[in-house]
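Peer 1: give me coordinates for this.
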Amino acid sequence: VFQDFRLIPSMTVYENIAFVLRVINAPRSYIKKRVSYVIGLVGLQDKMKSYPNELSGGEQQRVALARALVNDPKLLIADEPTGNVDPELSQEIVGLLKAINQCGTTVVMVTHEHELVKHFGGRLININQGTVIYDDVIDGDAETETTGETI
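Peer 2: The predicted model follows:
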């Protein structure tokens with residue numbers, strides 16, 4: 001999941017997500033079922049026929065997240081997934097990532113937003129200039145002292 005979304009402008013929300021499955025020649029029935037499921041997961045059922053330029057930044061980020069989830073990955077890497085959205089949507093996106101993690105997908109999130117990460121809970125690794133500064137499991141309300149880039 002990239003901070004600049006990387007959506008295909010000429011494709012609808014549905015088509016952007018389905019594209020990932022079409023590339024691997026998944027059966028049409030599976031594509032329809034799986035795309036509908038992940039669109040529901042990210043709360044964009046009413047935007048399936050919309051194009052990226054018709055969506056807000058938060059909606060575009062949720063499409064990018066759905067596209068990343070459609071293949072049911074074991075690992076999801078999110079590079080600054082809240083970098084281009086407002087604080088309220090940042091909380092929503094982190095909440096989605098946490099829910100995805102609780103369903104068994106490992107989520108690696110790179111961010112500079114330390115406060116947001118502290119409320120996520122789980123394993124927190126802080127890296128500064130290639131050196132691990134902090135590596136511990138925290139609960140969602142823990143106070144941590146961190147510097148540098150957080151993963």
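
Peer 1: alpha carbons of the helix or strand hosting Y134, in CSV - could you do that?
Peer 2: Assigned by DSSP states H and E, Y134 belongs to strand 131-138. Output of strand 131-138 as CSV, limited to C-alpha atoms (Å, rounded to 0.1, in the frame of the first residue of the first chain):
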residue,chain,number,x,y,z
THR,A,131,19.7,1.0,13.7
VAL,A,132,17.0,-0.6,15.8
ILE,A,133,16.3,1.8,18.6
TYR,A,134,13.3,0.1,20.1
ASP,A,135,11.7,-3.3,19.6
ASP,A,136,8.9,-4.3,21.9
VAL,A,137,5.3,-5.4,22.1
ILE,A,138,3.0,-2.6,23.4
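
Peer 1: residues near L44, how many?
Peer 2: Under the neighbour criterion other CB atoms under 10 Å, L44 is assigned a count of 21. C-beta coordinates here come from the backbone N, C-alpha and C atoms, glycine included.

Peer 1: and it, backbone torsions?
Peer 2: Backbone torsions of L44, given as degrees, to the nearest 10, read phi -120, psi 30.

Peer 1: hmm, back to that, buried residues in the strand holding Y134?
Peer 2: Residues of strand 131-138 classed as buried by neighbour count (16 or more other CB atoms under 10 Å): 134, 138.

Peer 1: do stretch 107-119 as well
Peer 2: Neighbour-count burial for stretch 107-119, counted by 16+ other CB under 10 Å, picks out 107, 109, 111, 113-114, 116-118.

Peer 1: what of stretch 14-24?
Peer 2: 14-21.

Peer 1: tell me the mean pLDDT for that stretch?
Peer 2: For stretch 14-24, mean pLDDT rounds to 96.

Peer 1: with just CA atoms, put it into CSV.
Peer 2: Output in CSV follows, covering the C-alpha atoms of stretch 14-24 (Å, rounded to 0.1, in the frame of the first residue of the first chain):
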residue,chain,number,x,y,z
TYR,A,14,-14.2,-2.2,-8.9
GLU,A,15,-11.9,-2.6,-11.9
ASN,A,16,-8.9,-1.3,-10.0
ILE,A,17,-9.3,-4.0,-7.4
ALA,A,18,-10.3,-6.7,-9.8
PHE,A,19,-7.2,-6.0,-11.9
VAL,A,20,-5.0,-7.8,-9.4
LEU,A,21,-7.0,-11.0,-9.7
ARG,A,22,-7.4,-10.7,-13.5
VAL,A,23,-3.6,-10.6,-13.9
ILE,A,24,-3.3,-14.0,-12.2
